[in-house]
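Colleague: Build me a structure from this.
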Amino acid sequence: MTANANPTVRRRRLGAELRRLRQASGLKGSEVAERLMVSQPKVSHMENGNRAIKPRDVRDLCTIYGVTDPQVVDSLMRMAHESGQQGWWHSYGDIPQSVYIALETDATSLHTYESLVIPALLQTPAYATTVIEETIPRLTAEQAAARLNVRLRRQHRVYDPARPLRLWAVLDESTLHRVVGSPDIMREQLDHLNALATEPHITVQVIPYEAGAHPGLSGQFSILRFADTPAAGVVCLERHTSDLCLEKPSDVQHYGVLYDHLQAQALSPDRTRDLINDLIKRYIDVVDRP
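Modeller: As a prediction, the model looks like this:
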């Protein structure tokens, strides 16, 4: 699934859930099409998220599949209604990672591993500005400003008191040593990281250099989970122009096991804060040095 993918994430998730319900009922797509008095391609398009799904269609499908729980039916119909709405990020134009942002906005939990930089949701404005400007060649000032505004807007999920995102970040120690911008920017960033790590819904762990080889050496990834499908999840691998998002249960399970190993090899949250505080002192010494 790429960043410019169509349709919306909600439509894809709704289609996947309708496919699961059909399979659980033992019906084939052709049988469902016959009962709905529509073509079989229409049923396939709905399940693949390639077309809008009307709440009325969802209600009829639930009846065919024997779904009687009113909360489940209402949840699916609400997803159908919301699938036609655009997210806040569309107002910023053609922004890469739009599919990932949609997933992140809907997620209730995010487990992320970073080997090169501090995760976007935990970045200060100065750090984020430097990362955007220095890692994307030939970016105009307007494009850089738009990306920064989107990144800072995404961070609202971290601070939302009504619906805070359960965020667990595991970082390779190299993310703390790589000087992004300047020692002063790094000191501010690490102060910010430690402050956020004291929040009850945020956990930060660092894998120290002495841990040696570990499952995260292959690169960054994130696992997102959602309230309406807690048993499922999506794995996202960040790329320059688009993101690869994996939804197969076997893929999600594989990366879940990787993340369990990363957590086990990382320092505890308390020891992580001690390590970060030691580095903050070094950056202070560099900034204060005449």
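Colleague: and Arg178, how many neighbours?
Modeller: As a burial measure, the neighbour count of Arg178 was computed by other C-beta atoms under 10 Å and equals 12. C-beta: built from backbone N, CA, C; applies to glycine.
Colleague: Is it correct that it is in contact with Glu114?
Modeller: No: in this structure Arg178 lies outside contact range of Glu114 using C-beta atoms under 8 Å: 10.9 Å.
Colleague: surely Tyr283 meets Met186?
Modeller: Yes: between Tyr283 and Met186 there is a contact under C-beta under 8 Å: 5.2 Å.
Colleague: Tell me which of the two has more neighbours.
Modeller: It is Met186, of Tyr283 and Met186, that has more neighbours when counted by other C-beta under 10 Å, with 26 against 21.
Colleague: pLDDT of whichever strand or helix holds the more buried one, averaged?
Modeller: Applying DSSP states H and E as the criterion places Met186 in helix 183-196. Predicted confidence along helix 183-196 averages 96 (mean pLDDT).
Colleague: all strands of this structure, in order?
Modeller: Per DSSP state E, the chain carries strands over the ranges 109-114, 166-172, 202-207, 221-225, 234-238, 243-246.
Colleague: Give me the residues contacting the first one.
Modeller: When you say that, I think you mean strand 109-114. Defining contact as C-beta atoms under 8 Å, 6 or more residues apart in numbering, one finds that strand 109-114 is touched by 104, 119, 121, 165-172, 175, 216, 220-225, 258-259, 262.
Colleague: Could you report the separation of the closest residue in space to Arg163 that isn't next to it in sequence from Asp57?
Modeller: Closest residue to Arg163 apart from its sequence neighbours, by C-beta to C-beta, 6 or more residues apart in numbering: Arg157 at 7.5 Å. From Arg157 over to Asp57 the distance is 31 Å, taken as C-beta to C-beta, to the nearest Å.
Colleague: The residue nearest to the spatial centre of the chain and Ala141: what is the separation?
Modeller: For the chain, the residue sitting closest to the mean C-alpha position, by C-alpha atoms, centre = their mean, is Glu104 at 4.0 Å. Between Glu104 and Ala141 the distance, using C-beta to C-beta, works out to 26 Å.
Colleague: Out of the strands of the chain, which is closest to Arg78?
Modeller: Distance to Arg78, taken as C-beta to C-beta, is lowest for strand 221-225 among the strands of the chain, at 18.6 Å.
Colleague: Hey, what's the angle from the helix holding Met186 to strand 166-172? Just curious.
Modeller: Interaxial angle of helix 183-196 relative to strand 166-172 (axes from the mean of the first three to the mean of the last three C-alpha atoms, to 10 degrees): 140 degrees.
Colleague: Report the distance from helix 183-196 to the chain centre.
Modeller: The gap between where helix 183-196 is centred and where its chain is centred comes out at 23 Å by C-alpha atoms, centre = their mean, to the nearest Å.
Colleague: Please name the residues that touch the residue nearest to the centre of the chain.
Modeller: Under the criterion of C-beta under 8 Å, 6+ apart, the contact partners of Glu104 comprise Leu110, Arg154, Arg157, Leu165, Leu224.
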